[in-house]
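Q: My questions are about this predicted structure, shown below with the sequence.
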Amino acid sequence: MKNKILLTLVTLFVGTNSYADSDMELSQKANDPTASLMAVQLIDGYISDFYNTTEDKTGNSVSLRAAYPYTMGETKHILRVTQPYTTKSPSGESGFEDMTLFDMALYPASWGRFGVGIVSSIPLADGNKQWSVGPAIGFVNNSLVKGVNIGLFNQNLFRIAGDDNRDYIRISSFQPIINYSIGGGWNIGGGDLQFIYDWSSSQWVSLPVSLQVGKLVKFGNLPVNISTQYQHNFEDEVTLGNGLLAPTSKNTFTITAKFLFPKF
């Protein structure tokens, strides 16, 4: 009888640890843009204040982002589409923003993985009908410390067709990746941190710092990573030309629900 009880306790202990390790691994993948993981994200970003506007101006946008892993030949890919919608802006305008499509081929390494791909922007926003495309590259090291992702993700967009009456789109974004899955489903990191450089105007248009805290929870058998992020942008003088400054975000608060489908 004692042996059966001991065996049951050992089984429960091992099973609990396996479940925890599985959750930690899934939490780590959920915060890795190069992970081969099917996911759907709902993102709400609230901008509490802007540079170069009156004090009472705020903004808000919601985004739908879907990632789908697939295999071409012997190479794994991750296909991702992002569609933002502005609900409030300093100008009072709202509507769809440009859609972003992204495809990256993934290559495993002893320290993690790296990827090479292509990113494109489909013009849906009013008044900016430019098609753009460019290279993307990224890597993630997940072997330094258990539960830690460290890496860099770079995307570049250059105008290939569309409206000639506007400055051509020539931008590069750099996303440092740092995230720590601390156990119990909790994770902390930099979140969606985008340093953006505009080659057309030769200036940085976003120089942020941020902190994101999230937790992996389950609704039935569906894992969902729910996170909140605070971001402060230090770039306060984005020029429009002729001495004009653009209204740029200062402080942003973001809530994200990322639905994960690890079996697909």
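A: Arrived safely, thanks for sending. Residues are numbered from 1 along each chain as shown.

Q: okay, and for the stretch 101-250 of the chain, where does confidence drop off?
A: Applying pLDDT under 70 to the stretch 101-250 of the chain picks out residues 127-128, 164-167.

Q: can you map out the strands along it?
A: With DSSP state E, counting those that start in this stretch, the ranges of strands along the stretch 101-250 of the chain come out as 112-122, 130-141, 148-162, 170-183, 186-189, 195-198, 203-206, 208-219, 222-233, 239-241, 244-245, 248-261.

Q: Take those and lay them out in TSV including distance to residue 93 and mean neighbour count.
A: C-betas here are computed from N, CA, C, even on glycine. Shown next, in TSV, are the strands of the stretch 101-250 of the chain (distance: least, Cβ to Cβ, whole Å; neighbours: other Cβ atoms under 10 Å):
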stretch	distance to residue 93	mean neighbour count
strand 112-122	19	18
strand 130-141	18	19
strand 148-162	20	18
strand 170-183	21	18
strand 186-189	33	19
strand 195-198	21	17
strand 203-206	19	16
strand 208-219	23	16
strand 222-233	21	18
strand 239-241	16	11
strand 244-245	18	11
strand 248-261	16	18
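
Q: Residue 62 is nearest to which of these?
A: Closest of the strands of the stretch 101-250 of the chain to residue 62 is strand 248-261, at 10.1 Å (criterion: Cβ to Cβ).

Q: Parallel or antiparallel, list what pairs with that closest one.
A: Paired neighbours of strand 248-261 in the sheet (DSSP bridges): strand 38-51 (antiparallel), strand 222-233 (antiparallel).

Q: and those strands as JSON lines, adding distance to residue 112?
A: Putting these into JSON lines (distance: least, Cβ to Cβ, whole Å) gives the following:
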{"stretch": "strand 38-51", "distance to residue 112": "19"}
{"stretch": "strand 222-233", "distance to residue 112": "19"}
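
Q: How about residue 52: what's its closest non-neighbour residue?
A: residue 245 (4.3 Å; Cβ to Cβ, 6 or more residues apart in numbering).

Q: Quick check: that neighbour touching residue 239?
A: Yes. Counting by Cβ atoms under 8 Å, residue 245 touches residue 239, with 6.1 Å between them.
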